[in-house]
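Colleague: Whatever this is, show me its structure:
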Amino acid sequence: MESVTFAAWRDRPPGDQEGESRRYYVTLAELLVRLGSFGLDLTWKVQIYDDQLHSRFAEAQEAAAGAGIGTLELLAMVAPGQQFIDGDFAGYAGDQLMVVLREFDSTNWDLCTADASVLREIRRHYPDAAPTPEDVLQEIPWPVAVLPCCSTAR
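Modeller: Now for the predicted structure:
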């Protein structure tokens, strides 16, 4: 399996009349929804890198400290229109790391998981998804080496 990287800014599909802009941003909320039932019971650890952290993001990061925060609670804290600059979001089932979502510079998302159905769903919605570069995987602060798709010792 592999980790994938895809563009955070996208062209709207033909016929999508939401807003006037032809481009839109893939938010964390959208990705949490794309995880579907796979992500519903996960507990999240959050690291957001922003010198002027929006109050809702600070609340989400604080709530995720320690034992973590549930998917629905995290989703409620990151309203659909909110955009991060840089952030790392690690989803756990118990103490097993299941998925890592990483936002880089508001330009790309990286997704790392051992679950092939999640990767298929992401590729279906974001056809530009490509293997994540090795140097990016080494920067992720979560222990992604425990995931077969994300081991840096290939």
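Colleague: For burial, what's the neighbour tally of residue 48?
Modeller: 20 (other C-beta atoms under 10 Å). Bear in mind the C-beta positions are built from the backbone N, C-alpha and C, glycine included.
Colleague: make that residue 9, sorry
Modeller: If you count neighbours by other C-beta under 10 Å, residue 9 ends up with 12.
Colleague: What residues are bridge-paired with it?
Modeller: Here residue 9 sits in beta bridges with residue 25, going by DSSP bridges.
Colleague: Wait, it touches residue 107, no?
Modeller: Yes. Assessed by C-beta atoms under 8 Å, residue 9 is found in contact with residue 107 at 7.0 Å.
Colleague: Excluding covalently adjacent residues, which one is nearest to the residue positioned nearest the centre of the chain?
Modeller: In the chain, the residue lying closest to the centroid (C-alpha atoms, centre = their mean) is residue 101, at 2.8 Å. Using C-beta to C-beta, 6 or more residues apart in numbering and skipping residues adjacent in sequence, the residue nearest residue 101 is residue 89, 4.4 Å away.
Colleague: Give me the distance between residue 77 and residue 28.
Modeller: According to C-beta to C-beta, to the nearest Å, residue 77 stands 10 Å off from residue 28.
Colleague: Compare the two (neighbour count), which wins?
Modeller: Counted by other C-beta under 10 Å, residue 77 and residue 28 do not tie: residue 28 has more neighbours, with 26 against 21.
Colleague: Which residue is the nearest non-sequential neighbour of the more buried one?
Modeller: Nearest non-adjacent residue to residue 28, counting by C-beta to C-beta, 6+ apart: residue 78, 4.9 Å away.
Colleague: for this structure, what are the low-confidence residue spans?
Modeller: 1, 14-21, 50-57, 79-82, 84, 136-154 (pLDDT under 70).
Colleague: for it, what spans make up the strands?
Modeller: Taking DSSP state E to define them, one finds strands in the chain at 4-7, 9-11, 23-25, 43-48, 69-70, 87-93, 96-104, 108-113, 130-131.
Colleague: Please work out which of these is packed deepest.
Modeller: The highest average neighbour count among the strands of the chain, using mean count of other C-beta atoms under 10 Å, belongs to strand 108-113 at a mean of 24.
Colleague: Off-centre distance for that strand?
Modeller: How far strand 108-113 lies from its chain's middle: 6 Å, per C-alpha atoms, centre = their mean, to the nearest Å.
Colleague: angle of that strand against strand 96-104?
Modeller: Our comparison of strand 108-113 with strand 96-104, counting by axes from the mean of the first three to the mean of the last three C-alpha atoms, to 10 degrees, yields an angle of 170 degrees.
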